[in-house]
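Undergrad: take a look and give me a structure for this.
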Amino acid sequence: MVWGCMSAACIGELRFIETIAALSGKQHDQRLHFSGLNLVASSQAVASMSRNLKGPTTGQSWCSWLSLALLVVVTLSLGPVTLAMRVTSSGPQTLQLAQGEQARVDCIYTPDPEDIGELDIEWSLVSPDTTKKDQLIISYSGRSKYLHGDPALTEGVDFAASDPSHGDASLSISSVDAAHAGTYQCKVKKSPGVDMHKVSLVVLERPSAPKCWVEGDEAVGQPVSLHCKSDQGSGPLQYEWRRESGGPIPPSITQNSVLGELLINNHSVDLAGIYACEVVNAVGKERCRLNLQAIKPPNRAGVIAGTVCGCLLLIIIILIIIWLLIFRWERKSYEKELSNEIREDAPAPESRPASRGPSLQSKVAYSQLSQTHKHHPSSTRTSYTAKYDSRYGYVV
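TA: Next up is the predicted model:
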């Protein structure tokens with residue numbers, strides 16, 4: 001009678017074990033992975049087992065312990081817990097590198113002991129167009145490496161490890177450029193296990209050395225702006241101005257981090273000094289410097305007075321030059337007129353006979369000269385020199 005009751009009480013527990021075995025491969029609340037078999041125990045079944053273990057009768061308690069022992073035996077008979085092929089790389093999913101840098105795309109894998117097939121590793125560049133095939137770059141099969149595709153793309157491409165079969169299938173690119181940008185997929189297969197891992201590679205250009213210059217007058221009290229511009233580099237580019245001498249930049253001065261402009265509305269001597277502009281993007285940075293001066297404005301009254309005096313002096317010089325030119329012109333005109341008057345007043349020479357005229361005039365002149373000597377005593381010693389005038393034709 002007691003055994004019958006015990007047997008009747010154990011029937012439910014045995015059916016529970018059968019239920020657990022029958023639930024293999026179905027999706028429920030809790031899943032246990034074993035080699036070659038998935039055993040699933042639902043939360044309701046676990047709760048039922050818990051209630052049975054706490055049964056009030058001795059027979060039920062004994063049957064519950066019996067069912068638990070049978071469950072442990074079944075579990076142990078299924079063999080050790082195993083895992084399939086897994087890629088365990090924990091690096092970043094997106095790599096940002098500058099042109100010319102060396103790239104390493106991680107792909108660390110762990111095979112399962114049950115994976116007994118030949119190891120096959122493939123690196124491919126995923127096509128952004130889903131209708132096109134991915135481009136295979138490099139592969140490892142049969143303990144040999146193979147390059148595929150465009151030589152311009154595969155140049156400098158290799159596995160990072162000398163032997164990828166030891167759990168490291170990482171990809172190495174000696175010098176990246178714009179052609180290497182894209183999404184890379186690492187596929188590791190060792191039958192029956194297989195797993196994949198994807199990493200995006202972004203290739204950026206470092207900013208070039210910027211150019212710094214000043215716009216506006218550097219005079220005190222005037223507005224002035226400092227500019228910084230980099231001609232090359234992948235965006236977004238961020239500009240930042242710093243003051244290397246004279247303390248930090250006052251908050252009243254505004255700067256544009258996108259355009260690289262530093263605006264000073266009212267320049268002063270305190271703002272003079274050396275300023276540095278730094279341009280930054282995700283893969284590099286460059287900088288330039290300039291020396292901002294503060295020129296004090298000259299005395300305006302003195303400038304005005306000097307300008308007026310200079311203008312007056314210039315006018316006086318011009319007037320003097322004009323007067324000299326007029327004076328010289330008038331003098332030449334006067335001399336010309338005087339010469340013309342002398343020529344007009346001069347009488348024409350008298351006509352005389354060719355033979356007697358000169359001898360007669362000579363006699364008259366000699367007579368006049370003799371009389372003159374007679375009237376004046378010799379003691380006075382007055383001398384007179386006679387000259388012959390060709391205009392009149394006799395001595396005068």
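Undergrad: so for stretch 258-267, mean pLDDT?
TA: Mean pLDDT, stretch 258-267: 94.
Undergrad: that stretch: which residues count as buried?
TA: Neighbour-count burial for stretch 258-267 flags 260, 261, 262, 264, 267 (criterion: 16 or more other Cβ atoms under 10 Å). Where C-beta positions appear, they are placed from N, C-alpha and C, glycine not excepted.
Undergrad: tell me which residues are up against it.
TA: 210, 218-230, 236-239, 241, 249, 252-256, 271, 275, 277, 279, 294 (Cβ atoms under 8 Å, 6 or more residues apart in numbering).
Undergrad: show me which of the residues you listed are buried.
TA: 210, 218, 220, 224-230, 237, 239, 241, 249, 253, 255, 271, 275, 277, 279, 294.
Undergrad: which of those fall in strands?
TA: 224, 225, 226, 227, 228, 229, 239, 241, 255, 275, 277, 279 (DSSP state E).
Undergrad: of these, which is the nearest to residue 330?
TA: Among those, residue 224 lies closest to residue 330 (Cβ to Cβ), at 59.5 Å.
Undergrad: who does that closest one form a beta bridge with?
TA: residue 264 (DSSP bridges).
Undergrad: relative to residue 209, how far out is it?
TA: Relative to residue 209, residue 224 is positioned 23 Å away (Cβ to Cβ, to the nearest Å).
Undergrad: and what of residue 123?
TA: 36 Å.
Undergrad: coming back round to it: of the ones in strands among the buried ones among the contacts of stretch 258-267, closest to residue 170?
TA: After measuring these against residue 170 - Cβ to Cβ - the closest member comes out as residue 279, at 33.0 Å.
Undergrad: average pLDDT for the helix or strand in which residue 97 is found?
TA: Using DSSP states H and E, residue 97 sits within strand 94-98. Mean per-residue pLDDT for strand 94-98: 93.
Undergrad: please identify the pairing partners of the helix or strand just after it and their relative orientation?
TA: Tracing the chain C-terminally past strand 94-98 and defining elements by DSSP H and E, one meets strand 103-105 next. If you go by DSSP bridges, strand 103-105 pairs up with strand 171-173 (antiparallel).
Undergrad: can you spell out which helices and strands pack onto the longest strand anywhere in the chain?
TA: With secondary structure taken from DSSP E, the chain has its longest strand at strand 193-204. In terms of contacts (3 or more Cβ pairs under 8 Å, 6 or more residues apart in numbering; DSSP states H and E), strand 193-204 is packed against strand 86-87, strand 94-98, strand 103-105, strand 182-190.
Undergrad: what's residue 251 sitting at in phi/psi?
TA: Backbone torsions of residue 251, given as degrees, to the nearest 10, read phi -70, psi -20.
Undergrad: for residue 127, phi and psi?
TA: As for residue 127, its main-chain torsions (degrees, to the nearest 10) stand at phi -80, psi 130.
Undergrad: just give the closest residue to it, not the sequence neighbours.
TA: Counting by Cβ to Cβ, 6 or more residues apart in numbering, residue 127 lies nearest to residue 134, which is 5.4 Å off, once chain neighbours are set aside.
Undergrad: please report how far that neighbour lies from residue 239.
TA: Residue 134 sits at a distance of 40 Å from residue 239 (criterion: Cβ to Cβ).
Undergrad: any weak-confidence spans in this structure?
TA: Scanning the chain with the threshold set as pLDDT under 70 gives 1-83, 299, 340-396.
Undergrad: secondary structure class for residue 328?
TA: Under DSSP: H, G, I helix; E, B strand; the rest coil, residue 328 falls in the helix class.
Undergrad: flag every buried residue along stretch 199-217.
TA: 199, 201, 203, 204, 205, 206, 207, 210, 212, 214.
Undergrad: quick one: end-to-end length of that stretch, please.
TA: Stretch 199-217 has its terminal residues 53 Å apart, counting by Cα to Cα, to the nearest Å.
Undergrad: repeat that for stretch 128-143.
TA: 31 Å.
Undergrad: tell me which residues in it are buried?
TA: Neighbour count says stretch 128-143 has 136, 137, 138, 139, 140 buried, by 16+ other Cβ under 10 Å.
Undergrad: tell me the one of those residues nearest residue 180?
TA: Nearest to residue 180 among these, with distances taken as Cβ to Cβ, is residue 137, at 9.7 Å.
Undergrad: ok, for the closest one, nearest residue in space, not its chain neighbours?
TA: residue 123 (5.0 Å).
Undergrad: before we move on, the earlier item: which ones among the buried residues of stretch 258-267 map onto strands?
TA: Per DSSP E, those map to strands at 261, 262, 264.
Undergrad: helices of this protein, residue ranges please.
TA: Assigned by DSSP state H, the chain shows helices spanning 2-22, 43-53, 58-77, 151-154, 300-345, 356-375.
Undergrad: just to revisit the earlier point, and the strand holding residue 97, what's buried?
TA: Along strand 94-98, these residues count as buried under the neighbour rule (16+ other Cβ under 10 Å): 95, 97, 98.
Undergrad: could the residues you listed go into CSV alongside distance to residue 184?
TA: Below are those laid out as CSV (distance: Cβ to Cβ, whole Å):
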residue, distance to residue 184
95, 9
97, 13
98, 18
